[in-house]
Each structure stands twice: as C-alpha cells, then as structure tokens.
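*Asks:* Whatever this is, show me its structure:
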Amino acid sequence: MKTIEKLFHNIGLSEITGPITPVSGGFMHRMFRVDTSDGSYAVKHLNPEVMKRPGVFENYKRAESLETMLENAGIPIVPALVINEKKMQECDGEYFYVFDWHEGKITDWDHITPKQCRIAGSIQGRIHAIAPKQVEAETKEPSQIDWNNYINEAVAQNSEIEPILKDNLELLTHAQDEMNRANVSLPGIECITDEDMDPKNIMWENGEPRVIDLECLDYGNPVSHVLQLSLQWSGITTCTLDLDKTKAFFEGYLEAYDNGFRDYASVFGVAYTWIEWLEYNITRALGNCQDEAEQNMGISEVKNTIARIRYIADMEEKIIQKMNEWFSA
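*Replies:* Numbering: from 1, shown residues only. Okay, here's the model as predicted:
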C-alpha cells in the first residue's frame, strides 16, 4: 500500500482520501481501488515474478500499442491511463497500470446469457477485423511439457499436486498431442487477438460491455482464439458447457468478421491450450511465486484446470459433432 501511495505522489495524481482497498481481479496480478480528491482509480500491481520473464517489457509495450489501436477503432475497452507520456508506471522496482474506476460488474460465470455470448463474440470479431492479414501457415514450435519432470518435483517437495498429476498423466499427454496437432493445422491468418477476453474480463455497465485486462493483446491466429473463447463464454471453464451459447458466440463473431474458415472441428485441439495455464500454475504450486497465498492459488488452479481438461476430453466428441453441423453449409 505504501508503494501505491508513493506512486500516486510521484506521478502527480490527486491526494488519496481513504484506505487503498484490494479488489477481486485476475489470477496473475493484484488489483486495488484508490479514492482521491479528484475521483477514484483502479490500480493493477503487476506480478513481480511475471516481470522477471525475458522479453516481458517488450510484450507489454506491444500490448499497449495494440490497446491504443482498439481504442481508436471504437472497441469498448477500459484502457490504461497515459501519465507522463507512458502507460506502465514504476515505483521502487514495482510496476503498475492505473485506470479510471468504473462501477460495472462482471457477470457470474453461471449466469451468462446467450445475448452476452453473442455480444462478446461480436466484440472479438471487431478486434480481429481491425488488421487481419494472410501469412504463411503457422510453424509454431510444438509444446513439449515434461509432465514426468513436474511429477518428480512434486514428489521431492511432498506437494499435494503430485497424485493429481500422476493420476492424469495419460490425459495430459493426450491434451498436449491434440493441441500440437491442431496448431499445425491452423490456416495462415494473423490478426490482433485478446486471448484473455473471457467472461471475467468484460465488465457490464447498464447492459453495455467494456473489455478490461488488455495486457494479453498480441498478434495471433483468429481461428484458434475464437474457438477457445466461444467455449469459455459458453461454460467450458466451469465444466457446464451450453452449446447454444457456443453457437451464439460464433454467430456474433461471424457477423462482425468472417475470414471464410469453417473447419473448426478439425482444429478442436486448440481447446487444450489450457495445458499452458496448467503448467504456469504447477510452477506456482511448486514455489515459483511471490508468497504462500499465490502458491495456494497455484495449487487450487492446478486442480481446477485438470478437471477442466478432463471435461473437455469428455465433451470432445459432442462438440466436434455440433461444429460439423453448424459449419457444414
């Protein structure tokens, strides 16, 4: 809290008038509300462990540039404030983004409507339509996560994630193989993508959406991203998939942007990209994190994510069948 107080003083914002309050945010960074004599702000404290990664500042700089492009294109977003000619702020070796405070709410994952799915799909389509281009088919390096190595590390630490990793080794191997196969089958299209635009990152104010948490903006493959996000918006994250909502998301998307691709069933394996989130949380669960609270979050997310991957595997045949029906014409 003292660092945020110092930050506000250093960057010339108004006097803080009340306690700095933690607010619920994502699973990676920490969010705070700061009330001042000139209004309220949301402050994102970027995870110090993330900020140690190679190339992280280049990645954030690219995301900031793309955020400006979205804002200029009229996409409903909550952009980081530009203060002293920059978005990312530094104080005592810690890094922050500052936003205007908005009173909107995130929809409960269990109460997302088909209408909201259609709106979210349309927003994603509008983002993808800003600057798409044909490129060479992707030659992405295959994922080579060594699950056995993580199991051995968990055994050495007597970690509670060891049995769940060991019991699901065959599942995780299948998921990685299917993801790798799908990635090399994606069409050669590139556009601006927001892989983190799931329901927790759209805030609704009087029924109107605002996209938040835009640090994941990058260039990527639209086919991969629409498939993944259509499933997240329709319940794959909570293992309560409603395929009517998946269809609504695609309908909103295709109304806003249509690159002509229809063979989504053939690249269904990108749905297993959850293994990348799983690996990140395995490392947190094994102690590569800020503190015990983050380590416990890592343990929880390992359990949640493996359950999600199991659910995707169980639903795979049904989803592929529906996608073949929807896009057969």
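*Asks:* Every contact and neighbour count from this point should use C-alpha atoms.
*Replies:* Will do.
*Asks:* pretty sure Thr21 contacts Arg33?
*Replies:* Yes. Counting by Cα atoms under 8 Å, Thr21 touches Arg33, with 5.1 Å between them.
*Asks:* of the two, who's got more company?
*Replies:* Arg33 (21 against 14; other Cα atoms under 10 Å).
*Asks:* I'd like the secondary structure assignment at that one, please.
*Replies:* Of the three states, Arg33 takes strand under DSSP: H, G, I helix; E, B strand; the rest coil.
*Asks:* Make residue 1 into 43 and carry on from there
*Replies:* Shifting the count to begin at 43 puts that one at Arg75.
*Asks:* I'd assumed Pro64 was in contact with it.
*Replies:* Yes. Judged on Cα under 8 Å, Arg75 makes contact with Pro64 at a distance of 6.3 Å.
*Asks:* what residue ranges in the protein score low on pLDDT?
*Replies:* Low-confidence segments of the chain (pLDDT under 70): 67-69, 180, 371.
*Asks:* Give me the domain ranges for it.
*Replies:* 44-143, 151-368 (automatic domain parsing).
*Asks:* Quick check: which of the ones you listed is buried the most?
*Replies:* Counting by mean count of other Cα atoms under 10 Å, domain 151-368 has the highest mean neighbour count of the domains of the chain, with a mean of 18.
*Asks:* to the chain's geometric centre, what's the distance from it?
*Replies:* 8 Å (Cα atoms, centre = their mean, to the nearest Å).
*Asks:* From Phe303, how far off is Phe292?
*Replies:* In this view, Phe292 and Phe303 are 12 Å apart by Cα to Cα, to the nearest Å.
*Asks:* which residues do those two both contact?
*Replies:* Common neighbours of Phe292 and Phe303 are not found (criterion: Cα atoms under 8 Å, 6 or more residues apart in numbering).
*Asks:* Need the residue closest to the centroid of the chain.
*Replies:* The centre of the chain sits closest to Asp238, judged by Cα atoms, centre = their mean, with a distance of 2.2 Å.
*Asks:* what sits against the closest residue to that residue other than its chain neighbours?
*Replies:* Once flanking residues are discounted, Asp238 sits nearest to Cys258: 6.2 Å by Cα to Cα, 6 or more residues apart in numbering. Contacts were defined as Cα under 8 Å, 6+ apart; by that measure Cys258 touches 102, 105, 236-238.
*Asks:* can these go into CSV with extra columns for secondary structure and distance to Lys208?
*Replies:* Output for these, formatted as CSV (DSSP: H, G, I helix; E, B strand; the rest coil; distance: Cα to Cα, whole Å):
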residue, secondary structure, distance to Lys208
Tyr102, helix, 35
Ala105, helix, 37
Asp236, strand, 33
Glu237, coil, 29
Asp238, coil, 29
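*Asks:* a markdown table for those, including distance to Lys86?
*Replies:* Converted to a markdown table, the contacts of Cys258 look like this (distance: Cα to Cα, whole Å):
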| residue | distance to Lys86 |
| --- | --- |
| Tyr102 | 13 |
| Ala105 | 15 |
| Asp236 | 18 |
| Glu237 | 19 |
| Asp238 | 16 |
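*Asks:* can you give me the strands in the stretch 143-292 of the chain?
*Replies:* Per DSSP state E, counting those that start in this stretch, the stretch 143-292 of the chain carries strands over the ranges 147-148, 175-176, 231-236, 244-247, 250-253, 259-262.
*Asks:* Export those as TSV, with columns for distance to Arg350.
*Replies:* As requested, those are exported to TSV (distance: least, Cα to Cα, whole Å):
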stretch	distance to Arg350
strand 147-148	21
strand 175-176	33
strand 231-236	21
strand 244-247	21
strand 250-253	24
strand 259-262	24
